[in-house]
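*Asks:* sequence-free structure coming up:
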């Protein structure tokens, strides 16, 4: 019984970190009681405003007890990019969105990675790092949670005022697993990683993607997606205590209206 409680508490720490990185509201707070999110980052022209709309608001979310990665806008290879440097660090640049399931079509993104982290393996707790991640956060029916996830969500709500996100889908670059593989987070199955790039073949070059959100969510979770409520970019090297860097192009969402 005591071992089960210890495992649950250890997982609760992860949930707290996931919430601080991925959760929905600006009410998220660090363990010290300070806001987890910094003021909005001016990312234009990296994050272009839609026609007639306001510029997207992106915020840098830090993790208590973790060295934050460094995000900065720069021109790179003739592109508008968000450069990320991670030195034994982990944090996220995130934007709150609201897209109902019927509106979801595609997400477009691009990145350039100079090298991989040799020791990284996203299936293991001790080495769960990646040079690049595109993160999508979804709502859903929490009554479907397993007993463990329900307890984690309740505990997370007690600690932070926020529940465990129903589902988090990440697009990642893996060292060895084939493209199309789904990696279930070793601490909670509500976070799943879809491998869209693998190995060293496309290092040091721009790689562009357009992914079908609905199809990818179904492949990862085996069900229809709920509303999309957040997107983010993340480069982390805290578990392997290594160094990595990458450049991200703009992240844009497609909708049914845009696809007609």
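*Replies:* Perfect, I can see it now. Bear in mind the structure is a predicted one, so any value in this text is a computation, not a measurement. Numbers count the residues shown, from 1 in each chain.
*Asks:* in the protein, which ranges drop under the pLDDT threshold?
*Replies:* 1-44, 49-52, 160, 255-260 (pLDDT under 70).
*Asks:* repeat that with 50
*Replies:* 1-17, 19-35, 260 (pLDDT under 50).
*Asks:* what about the strands in it?
*Replies:* 59-61, 70-76, 79-87, 92-99, 104-112, 130-138, 167-174, 182-184, 191-198, 207-212, 228-236, 243-248, 252-255 (DSSP state E).
*Asks:* would a markdown table of the ones you listed with mean neighbour count and distance to residue 47 be doable?
*Replies:* Any C-beta I mention is one placed from the backbone N, CA and C, and that applies to glycine too. Putting the strands of the chain into a markdown table (neighbours: other Cβ atoms under 10 Å; distance: least, Cβ to Cβ, whole Å) gives the following:
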| stretch | mean neighbour count | distance to residue 47 |
| --- | --- | --- |
| strand 59-61 | 20 | 12 |
| strand 70-76 | 15 | 9 |
| strand 79-87 | 20 | 8 |
| strand 92-99 | 20 | 8 |
| strand 104-112 | 20 | 12 |
| strand 130-138 | 24 | 14 |
| strand 167-174 | 22 | 18 |
| strand 182-184 | 17 | 28 |
| strand 191-198 | 21 | 21 |
| strand 207-212 | 14 | 17 |
| strand 228-236 | 24 | 11 |
| strand 243-248 | 21 | 10 |
| strand 252-255 | 17 | 9 |
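*Asks:* could you dump the ones you listed to a markdown table with distance to residue 46?
*Replies:* Below are these laid out as a markdown table (distance: least, Cβ to Cβ, whole Å):
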| stretch | distance to residue 46 |
| --- | --- |
| strand 59-61 | 13 |
| strand 70-76 | 5 |
| strand 79-87 | 5 |
| strand 92-99 | 10 |
| strand 104-112 | 12 |
| strand 130-138 | 14 |
| strand 167-174 | 18 |
| strand 182-184 | 28 |
| strand 191-198 | 21 |
| strand 207-212 | 15 |
| strand 228-236 | 10 |
| strand 243-248 | 8 |
| strand 252-255 | 11 |
